[in-house]
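In: pasting the sequence and the predicted model now:
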Amino acid sequence: MSIKAVHLLFITLATLLALGFGVWCVQFQPAGNRALYVGLGAVSFAAAAGLVAYGVWFIRKLKREGML
Amino acid sequence: MTVEIPYGVQERPDTGLWNAKLGMWLFLASEVMLFGGLFASYATLRTYAPDWPKGSDFQNIPLGTFNTAVLITSSITMVMGWASLVMGQFGKFRLYMGLTLLLGVLFLGIKATEYRGKFEHYGVTLADGTVVTGHVESQDASRVVLLPDAKGGAAHEPMTLARSQIKRMIVFGPWYNTYLALYFTLTGLHALHLLAGVLVNLYLWGPGSRMWQREPERFTHRVECAGLFWHFVDLVWIFLFPILYLL
């Protein structure tokens, strides 16, 4: 397994973590500081979307450079 | 007479691997067993514990989240460094590897800050059985001034406690409870791995990069091996963060 495959697996898991953390922030946040955690959740969902976009860009880059 | 070791650069036809990559994967398999044993210990201890604290009662979630983002970004810069070498762009490799190093050091610095916070935090059991947790602002032979943790966003004023009121006072070290023992063991071992990765990357970024002039393909393979290790360490954190901070 090359670093390319490991990296894509890592990005997939990081995306799932970002989504899970977003849900945790909205649903299960500690008492108090609700605004902070809702904000963190929003950033986390945005990060998940960013990671998906990055993953797609990475695959395209590998194809473009003949590395896939 | 020189003897050339086969498959140092070229892939072996039957395994599809060159020597160093095979060695790295065998090493990573042993690492999976090491961390797997510790994760299994965590699951067993937690399953059979009569009650288990929330990670958020002990951890600074925003700081831990920022550190997770730092580590994820470092994996991206690491793979970009390797890809730069494949494309023959040594200057870009130095830039991306330098960024990976900085992010690795930043993660360790934040982790050290978190550890320091734990060792300034106390669980105080009062004579009436009440347990108060918080940072010690000051203390002397007769009294302790404690800044208790805010519960539910409530304002927290410093508490002055006479020594005679205090039955037990323990710092949030690994001996405080099973959760913190696991936290320090797992994150400590992870931090040691990250430190090892930083040292290897520092070598490849600095003196080790001279190999690029002589044997570019072999140097690229070395960076790929370092990248595999770096990804493994980051992958461990992807599992550590939710189990220690969120659940």
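Out: Nice, thanks for sending it over. All of these numbers come straight from a predicted model, not from anything done at the bench.

In: any part of the strand ranked longest in chain B near chain A?
Out: Ranked by residue count under DSSP state E, the longest strand found in chain B is strand B:131-139. No - judged by C-beta under 8 Å from any C-beta of the partner chain, strand B:131-139 makes no contact with chain A; its nearest approach is 13.9 Å. In short, each C-beta sits where N, CA and C put it, glycine included.

In: let's test this: mean pLDDT of that strand, rounded?
Out: Strand B:131-139 carries an average pLDDT of 87.

In: how close does B:F172 sit to B:Q139?
Out: Going from B:F172 to B:Q139 by C-beta to C-beta, to the nearest Å gives 16 Å.

In: so which of the two has more stuff around it?
Out: Each of B:F172 and B:Q139 has its neighbours counted (other C-beta atoms under 10 Å in any protein chain shown); B:F172 has more, 21 against 14.

In: quick one: contacts for that one?
Out: B:58, B:118-119, B:121-123, B:133, B:180 (C-beta atoms under 8 Å, 6 or more residues apart in numbering or on different chains).

In: again, only this time at 10 Å
Out: B:58, B:115, B:117-123, B:133, B:135, B:180, B:183-184 (C-beta atoms under 10 Å, 6 or more residues apart in numbering or on different chains).

In: B:L194 too?
Out: B:L194 touches B:71, B:74, B:104-105, B:107-108, B:111, B:230, B:233-234, B:236-237, counting by C-beta under 10 Å, 6+ apart.

In: the residues you listed also near chain A: which ones?
Out: When contact is defined as C-beta under 10 Å from any C-beta of the partner chain, these meet chain A at B:71, B:230, B:234, B:237.

In: look up how far B:V200 lies from the closest residue to A:V26 other than its chain neighbours.
Out: In space, not counting the residues next to it along the chain, A:V26 is nearest to A:G41; the distance is 4.6 Å by C-beta to C-beta, 6 or more residues apart in numbering or on different chains. According to C-beta to C-beta, A:G41 stands 36 Å off from B:V200.

In: just to revisit the earlier point, JSON lines for the ones next to chain A among the contacts of B:L194, including pLDDT and neighbour count?
Out: Output for those, formatted as JSON lines (pLDDT from 0 to 100; neighbours: other C-beta atoms under 10 Å in any protein chain shown):
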{"residue": "B:L71", "pLDDT": "97", "neighbour count": "24"}
{"residue": "B:W230", "pLDDT": "98", "neighbour count": "30"}
{"residue": "B:D234", "pLDDT": "97", "neighbour count": "28"}
{"residue": "B:W237", "pLDDT": "97", "neighbour count": "25"}
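
In: could you identify the most distant pair in those?
Out: Spanning the widest gap among these are B:W230 and B:W237, at 11.0 Å by C-beta to C-beta.
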